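[1] Sequence plus predicted model, see below.
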Amino acid sequence: MKLTKILIAFSVVAGLTYSCNREESNNLTLDQENLQTEANADFVSESDIDLATDFATNFENTSSLRTTTGGQQGAHPDYPCAKVTVASTNGTFPKTITVDFGTGCTDKRGVNRKGIITISITNPIFLPGASITISHQDFYVNGRKVEGDAKLTNLTTDLKIPTFSKEVTNGKITNEDGTFFTFSSNRKYRMVEGIATPKNIGDDAFETFEGNRNVNRSNGTYFTSTIKTPLFKRNACHFISKGSVVLKGSKVDGTLDFGNGECDNLATFTDANGNVAQITLKK
């Protein structure tokens with residue numbers, strides 16, 4: 001089973017905007033900034049894991065010390081502009097995959113990357129206990145610089161429900177305007193639909209069912225995001241359509257709810273005082 005699909009589900013939100021008016025409370029305005037930060041962390045870090053899993057599954061059978069570049073046989077079909085180097089001992093695991101996106105490379109989903117990402121794999125990622133670790137070198141996603149280390153571990157105990165943990169340490173995302181935030185997180189995912197049809201990713205659905213993220217922004221504010229109810233997303237929909245997270249920190253205190261399962265770009269944020277604002281999700 002190509003487990004790239006498990007991570008694709010959660011790389012969907014690049015920003016948030018309020019569909020509210022200026023008469024709403026100042027707290028909600030401040031909340032908007034933190035919601036945007038939470039969404040940026042989701043988009044960049046989940047895209048990061050998605051990318052690593054994709055290359056890990058595509059090159060897990062590649063011989064040792066093999067280098068591929070755009071246009072050569074063996075290059076990744078979705079990233080023809082990337083240079084890929086695979087290093088291992090006698091073609092076995094562990095393996096290290098280095099992907100160099102040069103000065104810019106845009107994938108079929110419209111995500112632009114530049115710089116180098118290094119992916120270390122202990123075993124084929126579909127095997128329980130296997131893990132992937134990820135590091136970055138002058139690496140950018142859609143103009144935002146990404147730093148830190150991430151680790152994806154296969155926790156599957158029931159082969160009918162592929163399950164993973166994802167841990168991010170020393171994470172840092174710097175925006176094009178120079179503002180930044182640092183973060184760490186530990187979350188768990190599982191595949192809940194489409195398992196019987198591994199070649200048809202269109203019917204897949206996934207949940208982030210446990211975990212939290214700690215965020216510190218360059219302006220001195222901070223918050224923690226904790227999964228309240230599992231975040232549900234179908235591959236056929238661009239957005240998370242169900243589930244909620246609790247955001248609590250220096251300038252935010254409330255719950256972000258993604259809805260009842262309907263595929264749309266709407267969510268609601270309810271602060272600790274009961275004030276409710278509708279949110280428009282953006283890719």
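    Everything's here; your move.
[2] Tell me where the model's unsure across this protein.
    1-32, 36, 39-40, 42-46, 62-75, 198-202, 238, 281-283 (pLDDT under 70).
[3] Could you pull out the helices in it for me?
    Remark: helices assigned in the chain by DSSP state H are 4-8, 26-58.
[4] the strands in the stretch 1-150 of the chain, which residues?
    Assigned by DSSP state E, counting those that start in this stretch, the strands in the stretch 1-150 of the chain fall at 15-18, 66-68, 83-89, 92-100, 105-106, 112-121, 131-141, 144-154.
[5] Tabulate these in CSV, adding columns for mean neighbour count.
    From N, CA and C alone the C-beta is placed, and that goes for glycine too. Listed next are those as CSV, based on neighbours: other Cβ atoms under 10 Å:
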stretch, mean neighbour count
strand 15-18, 17
strand 66-68, 15
strand 83-89, 18
strand 92-100, 17
strand 105-106, 16
strand 112-121, 20
strand 131-141, 18
strand 144-154, 19
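[6] Just send these back as a markdown table, with distance to residue 77 too.
    Compiled in a markdown table, the strands of the stretch 1-150 of the chain are given as follows (distance: least, Cβ to Cβ, whole Å):
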| stretch | distance to residue 77 |
| --- | --- |
| strand 15-18 | 29 |
| strand 66-68 | 11 |
| strand 83-89 | 12 |
| strand 92-100 | 14 |
| strand 105-106 | 13 |
| strand 112-121 | 16 |
| strand 131-141 | 20 |
| strand 144-154 | 22 |
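[7] Which of the ones you listed sits closest to residue 179?
    strand 144-154 (10.2 Å; Cβ to Cβ).
[8] Partner strands of that closest one and their direction?
    Partners of strand 144-154 in the sheet, by DSSP bridges, are strand 131-141 (antiparallel), strand 163-174 (antiparallel).
[9] can I get those in JSON lines with distance to residue 216?
    As requested, the strands paired with strand 144-154 are arranged in JSON lines below (distance: least, Cβ to Cβ, whole Å):
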{"stretch": "strand 131-141", "distance to residue 216": "19"}
{"stretch": "strand 163-174", "distance to residue 216": "10"}
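[10] Stretch 95-102: how far from the chain's middle?
    18 Å (Cα atoms, centre = their mean, to the nearest Å).
[11] before we move on, the earlier item: residue 268: which of the strands of the stretch 1-150 of the chain is closest?
    That would be strand 15-18 among the strands of the stretch 1-150 of the chain, by Cβ to Cβ, at 10.6 Å.
[12] I'd like to know the beta-bridge partner residues of the closest residue to residue 242 other than its chain neighbours.
    Distance criterion Cβ to Cβ, 6 or more residues apart in numbering; nearest residue to residue 242, sequence neighbours excluded, is residue 232 at 4.0 Å. In this entry, residue 232 is beta-bridged to residue 207, residue 242, by DSSP bridges.
[13] Quick check, residue 232 in contact with residue 239.
    No. Here residue 232 lies out of contact with residue 239, judged by Cβ atoms under 8 Å, at a distance of 10.6 Å.
[14] hey, what's in contact with both of these two?
    Contact criterion Cβ atoms under 8 Å, 6 or more residues apart in numbering; residues shared by residue 232 and residue 239: residue 258.
[15] More neighbours: these two, which one.
    residue 232 (22 against 19; other Cβ atoms under 10 Å).
[16] list the contacts for that one?
    By Cβ under 8 Å, 6+ apart, the neighbours of residue 232 are 192, 205-207, 240-243, 258, 261.
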